[in-house]
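# just the structure for this:
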Amino acid sequence: MRTLILSDLHSNLEATQSCLEAARELGYDRVAILGDLVGYGGSPDEVVKVVQALDPAVIIRGNHDRVVAGIEQGEDFNLLALQAALVNRRLLSAESRDYLANLPPGPRPLGESCLVAHGTPLDEDEYLVDPDAAALLFRGLDFFLCFFGHTHLPCVFRKTRETVSGLLPVPGGTRIPLRDGERYLINPGSVGQPRDEDPRAAFLILDETQRQVVFHRVSYPVPKAQLRILEAGLPPLLAQRLQRGI
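Just a heads-up that it's a prediction; the model follows:
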């Protein structure tokens, strides 16, 4: 079984399409999506429809999905994120808003020993960026493997018997073997708005037969995504940051 893991698509149709094209060439059997389909980018309705057509085996909501759908009003968002969410809300069809509003919170199971979460398995809005915080999650929950998003940074936290170590960020092409006796928290990075100074869209594939996770990066037509942002009336900074992956 090969599972395509996507996170933080953020209304970036061009990045989403490029990831799916690359993933189809690699081959996968099912899809898991870790939330934040919308926000920041200029194509929220188009991205939601692409995701619906994928019929993911598992999909959960992110914080931007909640605000764009109108479940929350974004009081804790910074001004840039809130402006983007409000524009995205206006751009969505009623059908797409309903789809977002009905996405379940994480964590959700992906098979018998794997979880998917947006922030962390204990808090869908937590930013997980250091081994100490990861160690608390390993102690508090029983799982072998958990995929999470939210930070837009591809990374791996690995627990052995003695220690929790972190690899942050993880370059494209990295293969992580899944070993008995170890446990893992893994972030695929962001499809639609990378923040590790690599502007290429990020995704990963879980290969259960080979017992490994492989990180992938793919180039996409950034100028086209930038133009969609500007034409939607979103802040120009959101277009500019796609060029640098920040």
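
# gap between the residue in the chain sticking out farthest from the centre and Glu182?
Among residues of the chain, the one most distant from the C-alpha centroid is Glu162; the distance is 29.4 Å, by CA atoms, centre = their mean. Taking CB to CB, to the nearest Å as the measure, Glu162 falls 11 Å from Glu182. C-betas here are computed from N, CA, C, even on glycine.

# hang on, Arg211 packs against Ile176?
No - at 9.9 Å, Arg211 does not count as touching Ile176 under the criterion of CB atoms under 8 Å.

# who has more neighbours, those two?
Between Arg211 and Ile176, Ile176 has the larger neighbour count (other CB atoms under 10 Å), namely 19 against 12.

# centre of the chain versus the helix or strand hosting Ala239, how much separation?
Following DSSP states H and E, one finds Ala239 within helix 236-244. On the basis of CA atoms, centre = their mean, to the nearest Å, the separation between the geometric centre of helix 236-244 and that of its chain is 18 Å.

# for it, list the C-alpha coordinates in PDB.
What follows is helix 236-244, C-alpha atoms only, in PDB (Å, rounded to 0.1, in the frame of the first residue of the first chain):
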ATOM      1  CA  PRO A 236       0.800  41.200  -2.800                       C
ATOM      2  CA  LEU A 237       3.100  39.800   0.000                       C
ATOM      3  CA  LEU A 238       1.300  36.500  -0.400                       C
ATOM      4  CA  ALA A 239       2.400  36.300  -4.000                       C
ATOM      5  CA  GLN A 240       5.900  37.500  -3.300                       C
ATOM      6  CA  ARG A 241       6.600  34.800  -0.600                       C
ATOM      7  CA  LEU A 242       5.900  32.000  -3.000                       C
ATOM      8  CA  GLN A 243       9.000  33.000  -5.000                       C
ATOM      9  CA  ARG A 244      11.300  32.400  -2.100                       C
END
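
# buried stuff in that helix?
By neighbour count on 16 or more other CB atoms under 10 Å, the buried set for helix 236-244 is Leu238, Ala239, Arg241, Leu242.

# and it, what does it pack onto?
Packed against helix 236-244 by the contact rule (3 or more CB pairs under 8 Å, 6 or more residues apart in numbering; DSSP states H and E) you find helix 79-91, helix 222-231.

# give me that answer again for 6 Å
Contact analysis of helix 236-244 by 3 or more CB pairs under 6 Å, 6 or more residues apart in numbering; DSSP states H and E lists helix 222-231 as its packing neighbours.

# for the helix it packs on, output the C-alpha coordinates as PDB.
This file holds the C-alpha atoms of helix 222-231, laid out as PDB (Å, rounded to 0.1, in the frame of the first residue of the first chain):
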ATOM      1  CA  VAL A 222       4.800  30.000  -9.500                       C
ATOM      2  CA  PRO A 223       4.100  33.100 -11.700                       C
ATOM      3  CA  LYS A 224       0.700  31.700 -12.500                       C
ATOM      4  CA  ALA A 225      -0.100  31.100  -8.800                       C
ATOM      5  CA  GLN A 226       1.100  34.600  -8.000                       C
ATOM      6  CA  LEU A 227      -1.100  36.100 -10.700                       C
ATOM      7  CA  ARG A 228      -4.200  34.300  -9.300                       C
ATOM      8  CA  ILE A 229      -3.400  35.800  -5.900                       C
ATOM      9  CA  LEU A 230      -3.200  39.300  -7.300                       C
ATOM     10  CA  GLU A 231      -6.300  38.900  -9.400                       C
END
